[in-house]
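Engineer: Only the shape, not the letters, is given here:
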């Protein structure tokens, strides 16, 4: 056997990531965080997205009570058994122990948001124990005067806080602390279906050399093309447009490929 | 067929077990030397840091056990990296089965590290494990990588080409995660279970 030089250099594909909000074992959706309606069974939806060619799934656990959560990690194991693509679990992870429980059930990554703002050292600790490839930091950010600033406790709108951090500074810090990926949820576009916040995502891209996932505002195929072309994000996350069937993943990927954007074919 | 998945630490091993069950086999998760020695196939998974994983293997007294195995062994992700001599990550000494050192992937504009996402395989060498998989997409997530060498069956590219599938005698390794690589990943596991034979 003669070794020959590889002749087909490849480029990592841009990822399409459906996001499923999970409450008490069901996928729910409302106008973000309010008026939740049950959208369906977790396993059925996860299998549907697997079959349609989603590259990764994010499950956002919004189970109301901490007591409910500790008995309710069973669904993570069932998702892990069912799907053969990576998935991330966000929500309710505040400690190494919480993260360990979620990863033990078969999640590939965990995502933290408010607990990282409250105690940034948690990022370093999670990276130390599980490796940066497991540790995603979610950031909720909104335009604030000339710049962008982060919000915490966004899971409960009445409780939302402004920790007084500039979003771009926080992104730099998150990366320095070893996070493997950032999901940037641009709050002013979230739920609008008017398009991703390209300007903010491009600014985030400029300060981040770790993977960046765009979140908030997806309403059409053109929005996905724009966010990959203009903000150079690694992945785009959306919920409603996928759950409702308004955009199907095979059709989306065909359009992206036709626009010259590298995607994994379905 | 008896399949052992080696307990090399790390929290998220269950996805590998689930993927094997989807292949219709019933893997045993173990750090027991005799269980590993007598298995028909051995899978060495791993996530996290190379030095820590080696500490776990040393703690279980498994370093020489793994080195001396003659049945097909498949290292997955960090498990593949452990087959090499050393890593720039924590300057760790590894199992030393494949004579090369792992380097950190270079970070630059447009080139993110970790290398996270789906990428394709390019053929370097003919092998029953990898031949049907050339051009297919697999899920990668790693910051360190193995150089190309006589051990490389298939490469992938993230700025520069690196070893994506490797083989030294009965020791095989995949830098990507077959358990999270959809049907292409299932095909790799199936090839390993059916096409790879004892040294």
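Structural biologist: Happy to help now that I have it. Computed from a predicted structure; not experimentally measured.

Engineer: rest of the way, CA atoms for contacts and neighbours
Structural biologist: Fine.

Engineer: got any ranges where chain B has weak pLDDT?
Structural biologist: Under the criterion pLDDT under 70, the flagged ranges of chain B are B:11, B:199.

Engineer: is the biggest helix by length in it up against chain A anywhere?
Structural biologist: Taking DSSP state H as the criterion, chain B has its longest helix at helix B:182-195. Yes - for helix B:182-195, a contact with chain A is found by C-alpha under 8 Å from any C-alpha of the partner chain, at B:182-183.

Engineer: repeat for stretch B:1-8
Structural biologist: No - figure legend: stretch B:1-8 not in contact with chain A (C-alpha under 8 Å from any C-alpha); closest approach 12.9 Å.

Engineer: Check the offset of that stretch from the chain's centre.
Structural biologist: 13 Å (C-alpha atoms, centre = their mean, to the nearest Å).

Engineer: measure it end to end?
Structural biologist: 22 Å (C-alpha to C-alpha, to the nearest Å).

Engineer: Please, where are all the strands along chain B?
Structural biologist: B:3-6, B:28-30, B:41-44, B:73-76, B:84-87, B:92-93, B:98-104, B:115-120, B:122-123, B:137-142, B:144-145, B:152-158, B:160-168, B:171-174 (DSSP state E).

Engineer: Give me the residues contacting stretch B:174-191.
Structural biologist: For stretch B:174-191, contacts defined as C-alpha atoms under 8 Å, 6 or more residues apart in numbering or on different chains pick out A:83-86, B:15-16, B:18-20, B:23, B:74-78, B:80-81, B:128-130, B:133, B:136-142, B:145, B:163-166.

Engineer: ok so, going back, now tabulate the strands of chain B in CSV and tack on mean neighbour count.
Structural biologist: CSV is the format used below for those (neighbours: other C-alpha atoms under 10 Å in any protein chain shown):
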stretch, mean neighbour count
strand B:3-6, 24
strand B:28-30, 16
strand B:41-44, 25
strand B:73-76, 26
strand B:84-87, 20
strand B:92-93, 18
strand B:98-104, 18
strand B:115-120, 25
strand B:122-123, 26
strand B:137-142, 24
strand B:144-145, 24
strand B:152-158, 26
strand B:160-168, 23
strand B:171-174, 26
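
Engineer: want to throw the ones you listed into JSON lines with distance to residue A:216?
Structural biologist: As requested, the strands of chain B are arranged in JSON lines below (distance: least, C-alpha to C-alpha, whole Å):
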{"stretch": "strand B:3-6", "distance to residue A:216": "40"}
{"stretch": "strand B:28-30", "distance to residue A:216": "41"}
{"stretch": "strand B:41-44", "distance to residue A:216": "39"}
{"stretch": "strand B:73-76", "distance to residue A:216": "34"}
{"stretch": "strand B:84-87", "distance to residue A:216": "39"}
{"stretch": "strand B:92-93", "distance to residue A:216": "41"}
{"stretch": "strand B:98-104", "distance to residue A:216": "33"}
{"stretch": "strand B:115-120", "distance to residue A:216": "21"}
{"stretch": "strand B:122-123", "distance to residue A:216": "36"}
{"stretch": "strand B:137-142", "distance to residue A:216": "24"}
{"stretch": "strand B:144-145", "distance to residue A:216": "32"}
{"stretch": "strand B:152-158", "distance to residue A:216": "28"}
{"stretch": "strand B:160-168", "distance to residue A:216": "33"}
{"stretch": "strand B:171-174", "distance to residue A:216": "35"}
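
Engineer: Quick one: neighbours of residue A:153, just the number.
Structural biologist: 17 (other C-alpha atoms under 10 Å in any protein chain shown).

Engineer: follow-up on the earlier one: what are the buried residues along the longest helix of chain B?
Structural biologist: Within helix B:182-195, the residues that qualify as buried are B:182-193, counting by 16 or more other C-alpha atoms under 10 Å in any protein chain shown.

Engineer: out of the strands of chain B, nearest to residue A:105?
Structural biologist: strand B:28-30 (14.6 Å; C-alpha to C-alpha).

Engineer: Show me what the closest one packs onto, helices and strands only.
Structural biologist: strand B:3-6 (3 or more C-alpha pairs under 8 Å, 6 or more residues apart in numbering or on different chains; DSSP states H and E).

Engineer: Just the residues contacting the strand it packs on, thanks.
Structural biologist: B:17, B:25-31, B:35-36, B:39-45.

Engineer: try 10 Å this time
Structural biologist: For strand B:3-6, contacts defined as C-alpha atoms under 10 Å, 6 or more residues apart in numbering or on different chains pick out B:13-14, B:16-17, B:20, B:25-33, B:35-46, B:57, B:62, B:66, B:73-75, B:79, B:193.

Engineer: The closest residue to residue A:259 other than its chain neighbours: neighbour count?
Structural biologist: Closest residue to residue A:259 apart from its sequence neighbours, by C-alpha to C-alpha, 6 or more residues apart in numbering or on different chains: residue A:225 at 7.3 Å. As a burial measure, residue A:225 scores 21 neighbours (other C-alpha under 10 Å).
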